[in-house]
Structures are given as structure tokens and as C-alpha cells.
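Chemist: My questions concern the predicted model and sequence given below.
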Amino acid sequence: MNVENAAYPLGVCAERTAIAKAASEGVRPGEIDAIGITASPCGGCRQWLHEWQIERVYFRRPDGSIAEYAPAAKLLPDAWDLP
């Protein structure tokens, strides 16, 4: 049996790339006000957005409307919190 899903773990999502670039330039968690992406973020990215304390996340829904989540933690209920 072949079992597949829509997760592509070998890739690097745009939002994680943007956060990593910001970190390499000295930006720290809590210092990014908003991020806009083309689609609903994957689970891994939702964890990054939560840990980085992004205040607002915008993305395009399949119907073309724009979703806004403020704060990003609303995208990830029962998130893991770092000590």
C-alpha cells in the first residue's frame, strides 16, 4: 500500500526562510509585527510563527479572500510553549 499526504518535509517554506533570514540579521522573537504568505501555513511553520511571536499573519484562502490571524498563536491551538 502507498500512503501519501500533502506535506513536503524536504522543502523549506517561504515563511521559515523569511524568519531564518531575519534571525541572521539580528531580529529576535517578538520583533516581527506581521508576515504575509500565499497560502495557509503548514504545521511546522505554524509552530515557528508561534515561537517567533509574530503579531499578525495574513494569507490567501482558496476562495481568494485574505485571512488574518492575530496573534499567530491562534493558528496553533494547544501549541508547545518553550520554557
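Modeler: Looks like it arrived, so ask away. Numbers count the residues shown, from 1 in each chain.

Chemist: List the buried residues in the helix or strand of the chain with the lowest mean pLDDT.
Modeler: Least confident helix or strand, the chain: helix 43-51 with a mean of 89, by mean pLDDT, DSSP states H and E. Neighbour counts over helix 43-51 (16 or more other CB atoms under 10 Å) mark 45-51 as buried. Placement of C-beta: from N, CA and C, glycine included.

Chemist: So I35: helix, strand or coil?
Modeler: Following DSSP: H, G, I helix; E, B strand; the rest coil, the label given to I35 is strand.

Chemist: beta partners of it?
Modeler: Going by DSSP bridges, I35 is paired in beta bridges with V57.

Chemist: OK, contacts around it?
Modeler: I35 makes contact with 15, 18-19, 49, 54, 56-58, 72 under the criterion CB atoms under 8 Å, 6 or more residues apart in numbering.

Chemist: would you list every one of the strands in the chain?
Modeler: 34-37, 56-60, 66-69 (DSSP state E).

Chemist: So for the last one, what gets flagged as buried?
Modeler: If I follow you right, that is strand 66-69. Y69.

Chemist: got a markdown table for the strands of the chain, with mean pLDDT and distance to L76 too?
Modeler: Formatted as a markdown table, the strands of the chain follow (pLDDT from 0 to 100; distance: least, CB to CB, whole Å):
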| stretch | mean pLDDT | distance to L76 |
| --- | --- | --- |
| strand 34-37 | 94 | 14 |
| strand 56-60 | 95 | 10 |
| strand 66-69 | 96 | 9 |
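
Chemist: need these in TSV with distance to R28, can you?
Modeler: Formatted as TSV, the strands of the chain follow (distance: least, CB to CB, whole Å):
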stretch	distance to R28
strand 34-37	15
strand 56-60	18
strand 66-69	21
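
Chemist: Now do G64: how many residues are near it, please.
Modeler: Residue crowding around G64 was assessed by other CB atoms under 10 Å; the count is 6.

Chemist: Give me the pLDDT for it.
Modeler: pLDDT for G64: 94.
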